[in-house]
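Chemist: starting from these lines, generate the structure:
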Amino acid sequence: MEHKVIKNEDEYNQALKRLEIIFDAEPETAEGDELDLLSLLIDNYEKIHFPIDLPDPIEAIKYRMEQMNYKPKDLADVIGFRSRVTEILGKKRKLSLDMIRKINKQMHISTEVLVQEY
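Modeler: The predicted structure is shown next:
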C-alpha cells in the first residue's frame with residue numbers, strides 16, 4: 001500500500017483503520033515497514049491537529065506528590081525549607097534552577113514542564 005502525508009480527517013481515519021489491521025506485523029517485513037511509516041504519518045498529523053499543552057509546573061508537582069503519597073514535608077526534603085514549599089505550592093515563589101534539577105531527579109518530572117512560566 002502506498003502512503004503519503006495525511007492532510008485531512010478522512011485520510012487520518014483511513015490510516016488508523018489500516019494501522020489496526022497491520023498492528024501486529026513482524027519487524028523487517030513489508031507490513032512491518034508499512035507499520036513504521038504509518039505510525040510516523042499518524043504521529044505527525046496528531047502533533048499538528050491535536051497538540052497537547054504541557055501542564056502547569058506547580059500542578060504537575062502537586063499531581064506527582066499525590067501519586068507518590070508525598071506530603072509537603074517530603075517535598076521540603078527534596079528542595080529545602082518547608083516554608084519554601086508552601087510559597088512554591090501557593091505560587092508565591094518561583095522555582096530556582098537548583099530546585100528544578102532536584103525535583104526532576106527525585107520526582108521524575110520533566111524539566112520541560114518545570115521551566116515553564118506560571
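Chemist: I figured Ala114 hits Gln106, correct?
Modeler: Rather than Ala, residue 114 is Leu. No. Applying C-beta atoms under 8 Å, one finds Leu114 not in contact with Gln106, separated by 11.9 Å. Where C-beta positions appear, they are placed from N, C-alpha and C, glycine not excepted.
Chemist: and these two? Which one has more around it.
Modeler: Remark: of Leu114 and Gln106, Leu114 carries more neighbours, 21 against 16, as counted by other C-beta atoms under 10 Å.
Chemist: so what's the more buried one closest to, chain neighbours aside?
Modeler: Ile100 (4.5 Å; C-beta to C-beta, 6 or more residues apart in numbering).
Chemist: wait, the one you found sits on Val113?
Modeler: No. Look at Ile100 against Val113 with C-beta under 8 Å: they stay out of range, at 9.5 Å.
Chemist: give me the common contacts of the two.
Modeler: The contact sets of Ile100 and Val113 do not overlap (C-beta atoms under 8 Å, 6 or more residues apart in numbering).
Chemist: fine by me, we can end here.
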